[in-house]
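Chemist: following is a predicted model, sequence given first.
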Amino acid sequence: MSQPFLISFKPEISLQESSEENQLVIQSPERKLTFKKIHPNLKNAISSLAEGNSTLSQLLDILQQGEEKYPILKFYTYLQKFSHLGWLCHSVVESQQPMAMAIPMGGNFQFSYQEITPELPYSLSRFAYSHQVGGKMVLESPLSQTKILLLSWKSSALINLLAKPQTWGEIVQQIPAIAPETVQQFLSLLLTTKMVSEVLPEGKIQEETNMNLMQWEFHDLLFHTRSRQGRHDAPYGGTYRFLGKIDPLPGVKPPMSEEVIKLEQPDISNLATTDVPFTQVLERRKSLREYGETPINKQQLGEFLYRTGRIKKTRQTERGELSERVYPSGGGIYELELYPLVHLCEGISAGLYHYCPQKHQLCRLSGATATVTTLLNHARITMGNASNPPQVLIILAARFQRLAWKYQSIAYGLLLKHVGVFYQTMYLVATAMDLAPCALGAGDSDLFTQALGLDYYTETSVGEFGLGSKK
């Protein structure tokens, strides 16, 4: 059976003709192909691809019209080229109305058609999800290199039924308004694009028996594929998509309160000669969850914050304020903010503070409220039910829009990388200072925003780090 789908170029593909030279140019945003002295039948077939109203068999018929036929095998090489470039879409149509369109999201994609077996049940992948994009419903999956536009209620209704294993016949009975052959074509499209799988005799689909896929959670695999290139077609990298539309956030967050604690600055030049050798710091670094009887003091906390989070200098650019600090950050943006939650610290009363990295001072935000106490207890539990909470809990929050203003697709991935490198910076400094450090693997972002009255979508916690005196 030949492919039943309509084949077309992606919407962004355009054709440019030149009658004098009998030339046809196929143009995409990334590249173009030029056909010189093009055969009329090939030109008509390519034009039909641009119009999107032909199946493969109809395209082959166009090539064979007239006396001077165009070689079918040569046309297949062009189709292979178009497919490799990610230019070809495949659509299911009913009553001359488009129902669904599979659109490749990258190059080097081959549409390997798979036809369903009517007697076998099929089920939607647990990785598949639908969402609204530009007023249209789109079905995507991190297992697939394509996205499917759901262009009518019929396609959405079929997707809903496939949440449970269904045979072709069972679906036909439940939605008699859709022609049986259309249901078959649509199921074949979903199978080809890895949105559905055949249900095995034991009642599972392949991804439920694959040991590698079994260990991926939906959100983890989706985040991985969406923040790396290859399985999506979204703009990627430093696109500055909000340039001229939204002003970037300032590089240094303004003071959050008038109650300020000034911190002493350590002598960095002296530390450069007296500090523990770097290799010893690396070898001694480890997580410590128990603390000394004498808690950390104001001078130690000040030195720790100065050596890990201070701003060395700032600079103004045409695209916003950037800074230099002791740890790396993509584009010099530095979206992370430090909120020391003090439980026990000589010279500083208990409560929640914001660290001002430019002036090297603490802004007091609240005392030891019930919410602050809950945050500390959560930290203690996360640290393996330690006997005591950390003497100081450094909460890392992110002004996400600092990154999103410049970067697209990779913004949150960059944020997590920054959390990681800052964790390591804090570990090394704490080890050199003979303090007890411990990075936490989880935290409650909602509870943090409640404690400070912040907007969850503007600034919220992305990491936690326990600190105290060494036992």
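Modeler: Good, I have the coordinates.

Chemist: please enumerate the strands of the stretch 351-471 of the chain.
Modeler: Per DSSP state E, counting those that start in this stretch, the stretch 351-471 of the chain has strands spanning 351-356, 361-366, 392-398, 407-408, 435-440, 460-469. These are given in chain order.

Chemist: quick one: residues contacting Pro255.
Modeler: Pro255 is in contact with His354, Cys356, Cys363, counting by Cβ atoms under 8 Å, 6 or more residues apart in numbering. Where you see a C-beta, it was placed from the backbone N, CA and C, and this is true even at glycine.

Chemist: I'd say the last one and Pro254 touch.
Modeler: The reference is to Cys363. No: using Cβ atoms under 8 Å, Cys363 makes no contact with Pro254, being 9.8 Å away.

Chemist: out of the strands of the stretch 351-471 of the chain, which is closest to Gly238?
Modeler: strand 407-408 (5.6 Å; Cβ to Cβ).

Chemist: who does that closest one pair up with?
Modeler: Strand 407-408 sits in its sheet next to strand 237-238 (antiparallel), going by DSSP bridges.

Chemist: my guess is Glu202 is in a helix, correct?
Modeler: No: Glu202 sits outside any helix when classified using DSSP: H, G, I helix; E, B strand; the rest coil, being coil.

Chemist: could you pull up the residues touching it?
Modeler: Thr209.

Chemist: now Glu21
Modeler: With contact taken as Cβ under 8 Å, 6+ apart, Glu21 is in contact with Lys36, Lys37.

Chemist: tell me the domain ranges of the chain?
Modeler: As given by automatic domain parsing, the domain ranges for the chain are 6-85, 91-226, 237-469.

Chemist: I'd like these as CSV, with mean pLDDT appended.
Modeler: Shown next, in CSV, are these (pLDDT from 0 to 100):
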stretch, mean pLDDT
domain 6-85, 92
domain 91-226, 93
domain 237-469, 95
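
Chemist: end-to-end on stretch 263-278?
Modeler: Chord length of stretch 263-278, first to last residue, is 26 Å (Cα to Cα, to the nearest Å).

Chemist: what does it rub up against?
Modeler: The contact list for stretch 263-278, computed with Cβ under 8 Å, 6+ apart, reads 284, 298-299, 301-303, 305-307, 360-362, 431-432.

Chemist: do the same with stretch 353-361
Modeler: Counting by Cβ under 8 Å, 6+ apart, 252-253, 255-257, 260-263, 265, 302, 305-306, 309-311, 314, 325, 337-342, 362-365 sit against stretch 353-361.

Chemist: ranges for the strands of the stretch 151-300 of the chain?
Modeler: Counting by DSSP E, counting those that start in this stretch, the strands of the stretch 151-300 of the chain are 196-198, 237-238, 260-262.

Chemist: from the ones you listed, which stretch is densest packed?
Modeler: The highest mean neighbour count among those, using mean count of other Cβ atoms under 10 Å, belongs to strand 196-198: a mean of 20.

Chemist: name the helices or strands packed onto it?
Modeler: Packing partners of strand 196-198 (3 or more Cβ pairs under 8 Å, 6 or more residues apart in numbering; DSSP states H and E): strand 122-124, helix 180-192.

Chemist: of those, which is nearest Ser329?
Modeler: Of the helices and strands packed on strand 196-198, the one closest to Ser329 (Cβ to Cβ) turns out to be strand 122-124, at 40.0 Å.

Chemist: tell me how far the closest residue in space to Glu12 that isn't next to it in sequence lies from Gly463.
Modeler: Leaving aside its sequence neighbours, Glu12 sits nearest to Pro29 (Cβ to Cβ, 6 or more residues apart in numbering; 5.8 Å). Counting by Cβ to Cβ, to the nearest Å, the gap from Pro29 to Gly463 is 37 Å.

Chemist: more neighbours: which of those two?
Modeler: Gly463 (23 against 9; other Cβ atoms under 10 Å).

Chemist: the more buried one and Ala442 touch, don't they?
Modeler: No: with contact defined as Cβ under 8 Å, Gly463 does not reach Ala442; the gap is 9.5 Å.

Chemist: give the contact list for Gly331.
Modeler: Neighbouring residues of Gly331 by Cβ under 8 Å, 6+ apart: Gly238, Leu322, Lys406, Tyr407.

Chemist: from those residues, which is closest to Lys43?
Modeler: Using Cβ to Cβ, the contacts of Gly331 come closest to Lys43 at Gly238, 40.0 Å.
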